[in-house]
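[1] Quick one, what's the 3D model for this:
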Amino acid sequence: MNDSAPTVFIVDDDPSVLKALARLLRSAGLNATTFASPQEFLDNHDQNVPGCLVLDVAMPHINGLELQRALAAQGSELPVIFLTGHGDIPMSVRAIKQGAVDFFTKPVNDNDLIAAIHDAIEKDRIARQAQAKLSELQQRLAMLTPREREVLSHVVSGKLNRQIAAELGTVEKTIKVHRANLKKKLNVQSLAELVKLAERLGIISSLPD
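    Numbering: from 1, shown residues only. Modelled structure (predicted):
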């Protein structure tokens, strides 16, 4: 997981807005980086840097909604806050449906904006933490042998050792060894933990409560 301090990325084609927002955020103790156009942001943004995006809507060439879609197409989950002087209800609905965390019309209350930014940064932190955990689990899964992967799929489906042994054409003792190896490599202590891990990795569908 990236340990960089969160950065608020501001994209607006109005230099005075960029300057004012950067000053406001820095006075609130936040890192801020400004971009005069969506294309400039796309050309320079490092997805590994945590934070959020404060984005104008009405801009030439690429507008804010198009930038939001472009980021989604790249697999970016950077939280987006729209800040615009040209907003309307349909536009805000589209922005929220596309994943925006908030939508403000200029002029915005400074405290409201800063509160929304803190919420967005926290959302980003949680998402990156979850992704890091998932990557760690995937690395553990990659340590399994093909046979252990096969045994895992049978174990989490609720089959007993003797049933698995019969289906795989081996003996129950061998299945016990494989199960012990699974728990060690995947760092779990119980069948319940193993099932939860398999759900997170998409090996099995989530079970109903």
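
[2] Pull up the per-residue confidence for the residue in the chain sticking out farthest from the centre.
    Using CA atoms, centre = their mean, the residue of the chain lying farthest from its centre is residue 171. It sits 42.7 Å away. Among the per-residue scores, residue 171 holds a pLDDT of 93.

[3] what sits against it?
    In this structure, residue 171 makes contact with residue 165, judged by CB atoms under 8 Å, 6 or more residues apart in numbering. All C-beta atoms are positioned from the backbone trio N, CA, C, and that covers glycine.

[4] Let's see that with 10 Å instead.
    For residue 171, the contact set (CB atoms under 10 Å, 6 or more residues apart in numbering) comprises 161-162, 165, 177.

[5] How about the backbone phi and psi for the nearest residue in space to residue 45 that is not next to it in sequence?
    Ranked by CB to CB, 6 or more residues apart in numbering and with sequence neighbours excluded, the top spatial neighbour of residue 45 is residue 9, at 6.7 Å. In terms of degrees, to the nearest 10, the main-chain angles of residue 9 are phi -90, psi 120.

[6] my guess is residue 9 contacts residue 44, does it?
    Yes - in this structure, residue 9 is within contact of residue 44 by CB atoms under 10 Å, at 9.5 Å.

[7] What distance do you get for the spatially most central residue of the chain to residue 101?
    Centroid-nearest residue in the chain: residue 127, 3.9 Å away (criterion: CA atoms, centre = their mean). Distance, residue 127 to residue 101, using CB to CB, to the nearest Å: 11 Å.
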